[in-house]
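Asks: Below are the sequence and a predicted model for it; my questions follow.
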Amino acid sequence: MLLQGRVTPERRAAANEAAQDSGLSLSFYLDTLIQHLEENGGLPIFPKPRPQAEELPIQAA
C-alpha cells in the first residue's frame, strides 16, 4: 500500500543512508522500522507542532 509524506532533506538523506547501510530499499527499511517500533512499545505519539511564525504562500485547493 502506498504511503506518502513530506520530510526535510536531512531526514530523507538519513533514512536513505540507513536503508543503504542495511542493504534494503527505502520502502522495505521504513516498513521494517515501523514493525520494529510496533514490536517494541509501539509508535510514539508526538505533540502537535507549534504554529510557524510565518505562513507559507500555498494556495488552497
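Replies: Thanks, I have the structure now. Numbers count the residues shown, from 1 in each chain.
Asks: Residues contacting stretch 20-34, please?
Replies: Identification of contacts with stretch 20-34 by CB atoms under 8 Å, 6 or more residues apart in numbering yields 3, 15-16, 18-19, 43. Placement of C-beta: from N, CA and C, glycine included.
Asks: Scan the residues you listed and report the most crowded one.
Replies: residue 19 (18 neighbours; other CB atoms under 10 Å).
Asks: Make TSV out of the contacts of stretch 20-34 and add secondary structure and distance to residue 54.
Replies: Converted to TSV, those look like this (DSSP: H, G, I helix; E, B strand; the rest coil; distance: CB to CB, whole Å):
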residue	secondary structure	distance to residue 54
3	coil	29
15	helix	27
16	helix	29
18	helix	32
19	helix	33
43	coil	30
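Asks: ok, which stretches of the protein are helices?
Replies: Here the chain has its helices, by DSSP state H, at 9-22, 26-39.
Asks: Now compare the contacts of stretch 20-34 and name the two farthest from each other.
Replies: 16 and 43 (21.0 Å; CB to CB).
Asks: so where's this structure uncertain?
Replies: By pLDDT under 70, the weakly predicted segments of the chain are 56, 61.
Asks: How far off centre is stretch 41-57?
Replies: 13 Å (CA atoms, centre = their mean, to the nearest Å).
Asks: can you give me the end-to-end distance of that stretch?
Replies: Terminal residues of stretch 41-57 lie 39 Å apart, using CA to CA, to the nearest Å.
Asks: Now do it: everything it contacts.
Replies: 34, 37.
Asks: Would you mind measuring from the spatially most central residue of the chain to residue 60?
Replies: Centroid-nearest residue in the chain, with CA atoms, centre = their mean: residue 7, separated by 6.1 Å. Using CB to CB, to the nearest Å, one gets 23 Å for the distance from residue 7 to residue 60.
Asks: Residue 45 now?
Replies: With the distance defined as CB to CB, residue 45 ends up 28 Å from residue 60.
Asks: same thing with residue 32?
Replies: Here residue 32 is placed at a distance of 36 Å from residue 60 (CB to CB).
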